[in-house]
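**Q** make a model of this:
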Amino acid sequence: MNALIVFVKAKRKELGLTQEDLALNAGVGLRFVRDLEQGKKTLRLDKVNDVLALFGKEVGVIDQSAE
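**A** Predicted coordinates:
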């Protein structure tokens, strides 16, 4: 989860977007973006993917045995 938080914050800042801008462009609420960036444990996966789609990414499965 920490990698997701770091990625979203870094990409948002890299593109010069405020949290409000990100929420508007992703079609999610400002509260959702704040919760995402603060590491809330329970988030809707479809909304996470809506945010990540702005950066050409999506949530996927990672084989833990490969780490």
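**Q** scan this protein for its longest helix.
**A** helix 2-14 (DSSP state H).
**Q** any low-confidence regions in this structure?
**A** Applying pLDDT under 70 to the chain flags the ranges 66-67.
**Q** go again using 50 as the cut-off
**A** For the chain, not a single residue meets the criterion pLDDT under 50.
**Q** show me where it has its helices.
**A** Under DSSP H, the chain gives helices at 2-14, 19-26, 30-37, 45-53.
**Q** packing partners of the last one?
**A** In terms of contacts (3 or more Cβ pairs under 8 Å, 6 or more residues apart in numbering; DSSP states H and E), helix 45-53 is packed against helix 2-14, helix 19-26, helix 30-37. Every residue, glycine included, has its C-beta placed from N, CA and C.
**Q** closest to Lys57 out of the ones you listed?
**A** Among the helices and strands packed on helix 45-53, helix 2-14 comes nearest to Lys57, with 7.7 Å by Cβ to Cβ.
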